[in-house]
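1. got a predicted structure plus its sequence, pasted below:
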Amino acid sequence: MSEKNNGSQGISFLTPCRVITSFLILFLLVGIGAAAWAVVTFLIKQEETGLYDVQVNSVDQRLSVFDRMQGRWRSVCSSSSNELLANISCEEMGFVRALNHSVYSILNGINNSEDFFCVGVEELTYGKKFRELLFPCNCDSGLILRVQCQDCGRRSLTEDRIVGGLDARQGSWPWQVSLQYDGVHQCGGSIISDRWIVSAAHCFPERYRHVARWRVLLGSIYKAHTHSSVHTAEVQTVVFHSSYLPFVDPNVDDNSRDIAVLALTSRLQFTEYIQPVCLPTYGQRLIDGQMGTVTGWGNTEYYGQPSDVLQEASVPIISDAVCNAADYYDNQITTSMFCAGYEKGGTDACQGDSGGPFVSEDSLSKASRYRLLGVVSWGTGCAMAKKPGVYTKVSRFLPWISSAMRTFENVPGVHKMSRT
């Protein structure tokens, strides 16, 4: 009888109410699991793109923006501000400017069921991520925007004395230039467009502000005309950051905002040896330990002589926390700078490299490109242990660079401009 009773109790456990409850719990757990899997899948999908959120389609030049909520790319619908949007989008991707733009009918090979982004044109402005002004739409006009950006950051030639560096080969770093005053090399610089060069503010103290005495040497690994690729350009305009404090008070020990741009008197013709470097994308962050290359004609040792041949050296980015430690730079590194080098020293930029590029290669815009992450700024000695090179963080000055180029495009002379 006890066995029957036990069996009876086992059967009574599976009452209809309890069966329904069990199914509800199971259904809820499955739902939670599915939702969690969807979130994980979305995050993985987004991470796997490895691309910046704004892209130009390489086949038909459609402007596309990644919809983070839906995990998909959307084309941008044509609007009354296409020219402005083209320039802003190229600039945001690090391409400096748009060369051309046009519209394209969604009937020409575009999936009609595809969703689109429209832009709030009344809020569209330089220096602001235009993705924040986009909203999903059906693109009633049936026209989407196509953009051609100025190419950058690619070396045409595949042939592959910074302290501890190596001689560069002709054409290896086609954006590198020599800034010369009265024919003497003073600083390095980087080509960012067919008209503009980026360098350091400290290259333009009061005694070097006669713009007609500046020349830019391009397309050479030497500081003189030794190759048919070499071109010398005259400078029309110099703009430096007005909040570079050593120019305000020589006793101030703060090298923040050490950046300048130069406009040439005539536009460049790009060649295999003369090419622009890309700027960072808007919001691009530096990665601790990321390798970059610094180039220049500076001294090959602290008390040495400048190099006659362009030098190149690869160094890793150092975190601000490490570089601000007491035995490094003791809190002198501000948010507008970063350090790069090795704890033991041995490889570094030096005198004469100032204003030159620190570049790193990435594929944020699908093709592999070099971006100007830093400008050689300052440091204690050269290649000393725990005293790495300090660079201006270019990503912090993208709106400033954009504003300087637009404001002083046709204004000769030397100018200073504050933050925007």
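-> Received, thanks.

2. let me see the domain layout of this protein.
-> Listed by automatic domain parsing, the domain ranges of the chain are 54-149, 166-417.

3. first vs last residue of the first one, how far apart are they?
-> This means domain 54-149. Using C-alpha to C-alpha, to the nearest Å, the end-to-end distance of domain 54-149 comes to 12 Å.

4. thinking again about what came up before, now the domains of the chain in a markdown table, with distance to Ser156 and mean pLDDT?
-> For the C-beta atoms, the positions are set from N, CA and C on the backbone; glycine is no exception. Formatted as a markdown table, the domains of the chain follow (distance: least, C-beta to C-beta, whole Å; pLDDT from 0 to 100):
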| stretch | distance to Ser156 | mean pLDDT |
| --- | --- | --- |
| domain 54-149 | 17 | 89 |
| domain 166-417 | 4 | 93 |
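
5. which of these is buried the deepest?
-> When the domains of the chain are scored by mean count of other C-beta atoms under 10 Å, the highest mean neighbour count falls to domain 166-417 (a mean of 20).

6. still on that earlier bit, could you dump the domains of the chain into a markdown table with distance to Arg155 added?
-> Output for those, formatted as a markdown table (distance: least, C-beta to C-beta, whole Å):
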| stretch | distance to Arg155 |
| --- | --- |
| domain 54-149 | 16 |
| domain 166-417 | 6 |
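
7. the strands in the stretch 1-150 of the chain, which residues?
-> Ranges of strands within the stretch 1-150 of the chain are 54-56, 63-67, 72-76, 98-105, 116-119, 134-137, 143-149, based on DSSP state E, counting those that start in this stretch.

8. what sits against the spatially most central residue of the chain?
-> Centroid check for the chain by C-alpha atoms, centre = their mean gives Pro280 as the closest residue, at 0.8 Å. Contacts for Pro280 (C-beta atoms under 8 Å, 6 or more residues apart in numbering) come out as 94, 371-373, 394-395, 398.

9. gap between it and Ser229?
-> Distance, Pro280 to Ser229, by C-beta to C-beta, to the nearest Å: 28 Å.

10. could you find the closest non-adjacent residue to Asp327?
-> In this structure, Asp327 finds its nearest non-sequential neighbour in Lys386, 5.5 Å apart by C-beta to C-beta, 6 or more residues apart in numbering.

11. now the strands for the stretch 201-350 of the chain?
-> Assigned by DSSP E, counting those that start in this stretch, the strands in the stretch 201-350 of the chain fall at 214-218, 231-241, 260-264, 291-296, 311-318, 337-340.

12. I'd like to know which elements the fourth one is packed against.
-> Contact partners of strand 291-296 among helices and strands, from 3 or more C-beta pairs under 8 Å, 6 or more residues apart in numbering; DSSP states H and E: strand 311-318, strand 357-365, strand 367-378.

13. which elements pack onto the shortest one?
-> Put plainly, it is strand 311-318. Judged by 3+ C-beta pairs under 8 Å, 6+ apart, strand 311-318 is in contact with strand 166-167, strand 291-296, strand 337-340.

14. can I get that strand in PDB, CA atoms only?
-> Provided in PDB are the C-alpha atoms of strand 311-318 (Å, rounded to 0.1, in the frame of the first residue of the first chain):
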ATOM      1  CA  GLN A 311      64.600  58.700 -40.600                       C
ATOM      2  CA  GLU A 312      61.700  56.500 -39.500                       C
ATOM      3  CA  ALA A 313      61.100  54.700 -36.200                       C
ATOM      4  CA  SER A 314      58.300  52.600 -34.800                       C
ATOM      5  CA  VAL A 315      57.200  53.200 -31.200                       C
ATOM      6  CA  PRO A 316      54.200  52.200 -29.100                       C
ATOM      7  CA  ILE A 317      51.700  54.600 -27.600                       C
ATOM      8  CA  ILE A 318      52.000  54.900 -23.800                       C
END
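
15. many thanks, have a good one.
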